[in-house]
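S.K.: one predicted model, sequence on top.
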Amino acid sequence: MKNIKRIWIIGANGQLGTAINELLDRREIEVLNTDKDDVDVTDINRVVQFADLNRPEIIINCAGLTSIRECEEDVEKAYKINAVGSRNVSIASRRIEAKLVHLSTDDVFSGEKYEPYNEFDIENPKSIYGKSKLAGERFVKEFAERYFIIRSTWIYGKGENFIKDFITQSYTKDTICVAKDAFGCPTSAKELAKFVIHLMNTSEYGLYHAVCEGQCSRYEFAEEIIKQTGLNIKLKAVLTEEDELMNQRPVHIVLDDLMLRLLGNYKMPTWEEALADYIKELN
């Protein structure tokens with residue numbers, strides 16, 4: 001990679017952190033992987049100390065409290081991790097003059113617009129999770145000097161996700177209820193990791209939406225999973241509140257990768273292509 005010798009991945013045990021690790025060439029760079037038990041992002045002294053000691057050229061911040069329910073039940077914890085934690089990492093990145101790649105979410109939008117949201121749309125989060133992640137974005141803009149903010153959605157990879165939950169339920173049930181009114185952009189952690197690695201080698205700083213091309217409902221996503229896996233399971237189209245696999249989030253948020261089209265330097269695959277690659281690796 002272009003003069004990059006050391007990368008620090010915060011929240012390395014998650015789906016995206018795992019995918020990035022699998023794609024990086026360890027012969028070229030040193031990867032520093034930490035999770036909450038190694039470096040607590042809410043501890044400014046610990047974050048700065050680790051950054052000062054190791055001097056990474058790039059910091060990738062995948063850390064966050066992502067449980068919608070837990071964020072609602074413990075508001076202070078949500079803001080401490082998703083907002084203050086992002087502030088701390090941003091301060092550390094500026095201190096050592098490192099590039100910062102910060103991962104955010106589609107939940108910064110309300111889900112009330114039935115058209116895709118692009119990077120220039122006004123945020124209006126409804127959940128504590130979305131509000132705390134938006135606060136984190138704002139801290140990054142305030143304190144980091146060279147940053148990439150990446151919003152994505154419906155991410156699946158190695159770890160707990162919709163696809164694995166669906167497959168697991170298919171072993172014990174004849175029929176699974178899946179939302180027909182929840183729309184999004186299924187995005188492979190592997191494809192998102194490829195984009196992160198591409199972007200961090202550039203000076204194209206700013207805010208990006210990065211999702212696989214196309215959109216679908218949860219029901220259509222489940223149909224495609226059945227098609228590609230050959231699972232013997234029936235689906236029942238229901239409203240979101242009856243969905244057996246939903247996690248209390250806005251029901252209609254589709255992201256538009258407008259900045260990628262404007263810059264013309266990167267293209268995400270379709271969600272069906274990325275899913276086929278993922279299923280192939282599962283098998």
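M.R.: Thanks, I have the structure now.
S.K.: any weak-confidence spans in the stretch 151-283 of the chain?
M.R.: By pLDDT under 70, the weakly predicted segments of the stretch 151-283 of the chain are 242-251.
S.K.: list the contacts for the residue of the chain positioned farthest from its centre?
M.R.: Distance from the centre of the chain peaks at residue 174, with 31.5 Å (CA atoms, centre = their mean). Residues near residue 174 by CB atoms under 8 Å, 6 or more residues apart in numbering: 233, 234. C-beta: built from backbone N, CA, C; applies to glycine.
S.K.: try 7 Å this time
M.R.: residue 234 (CB atoms under 7 Å, 6 or more residues apart in numbering).
S.K.: for it, give its distance to residue 235.
M.R.: Distance, residue 174 to residue 235, by CB to CB, to the nearest Å: 11 Å.
S.K.: show me what the longest helix along the chain is packed up against.
M.R.: In the chain, ranked by residue count with DSSP state H as the criterion, the top helix is helix 128-143. Applying 3 or more CB pairs under 7 Å, 6 or more residues apart in numbering; DSSP states H and E, one finds that helix 128-143 makes contact with helix 68-73, helix 75-79, helix 85-95, strand 99-105, strand 147-152.
S.K.: can I get stretch 112-125 as PDB, trimmed to CA atoms?
M.R.: Only the C-alpha atoms of stretch 112-125 are listed here, as PDB (Å, rounded to 0.1, in the frame of the first residue of the first chain):
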ATOM      1  CA  GLU A 112     -39.800   8.900   6.600                       C
ATOM      2  CA  LYS A 113     -38.500   9.700   3.000                       C
ATOM      3  CA  TYR A 114     -39.600   7.000   0.500                       C
ATOM      4  CA  GLU A 115     -36.700   7.800  -1.800                       C
ATOM      5  CA  PRO A 116     -33.000   7.000  -1.300                       C
ATOM      6  CA  TYR A 117     -31.000   9.300   1.000                       C
ATOM      7  CA  ASN A 118     -27.800  10.700  -0.400                       C
ATOM      8  CA  GLU A 119     -24.900  12.400   1.500                       C
ATOM      9  CA  PHE A 120     -26.500  15.900   1.000                       C
ATOM     10  CA  ASP A 121     -29.800  15.000   2.700                       C
ATOM     11  CA  ILE A 122     -30.500  16.500   6.100                       C
ATOM     12  CA  GLU A 123     -30.200  14.000   9.000                       C
ATOM     13  CA  ASN A 124     -33.100  13.500  11.300                       C
ATOM     14  CA  PRO A 125     -32.600  10.400  13.500                       C
END
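S.K.: averaged pLDDT, it. What do you get?
M.R.: Averaging pLDDT along stretch 112-125 gives 94.
S.K.: contact partners of it?
M.R.: Taking contacts as CB under 7 Å, 6+ apart, the residues outside stretch 112-125 that touch it are 107-110, 131, 134, 207-209, 252-256, 258-259.
S.K.: can we see that at 8 Å?
M.R.: Under CB under 8 Å, 6+ apart, the answer for stretch 112-125 is 106-110, 131, 133-134, 151, 207-209, 215, 252-256, 258-259.
S.K.: is residue 146 in contact with residue 96, as I believe?
M.R.: No. Contact criterion CB atoms under 8 Å: residue 146 and residue 96 do not qualify, at 11.2 Å.
S.K.: more crowded one of these two?
M.R.: residue 96 (16 against 13; other CB atoms under 10 Å).
S.K.: distance of the closest residue in space to that one that isn't next to it in sequence relative to residue 13?
M.R.: Leaving out its chain neighbours, the residue that sits closest to residue 96 by CB to CB, 6 or more residues apart in numbering is residue 51, at 5.1 Å. To residue 13, residue 51 is 19 Å away according to CB to CB.
S.K.: circling back to that earlier point, looking at the contacts of stretch 112-125, which are in strands?
M.R.: 151, 207, 208, 209 (DSSP state E).
S.K.: the helices and strands packed on helix 128-143: which one's closest to residue 188?
M.R.: Closest approach to residue 188 among these (CB to CB): strand 147-152, 10.0 Å.
S.K.: what angle sits between that closest one and strand 99-105?
M.R.: Orientation of strand 147-152 against strand 99-105 (axes from the mean of the first three to the mean of the last three CA atoms, to 10 degrees) gives an angle of 20 degrees.
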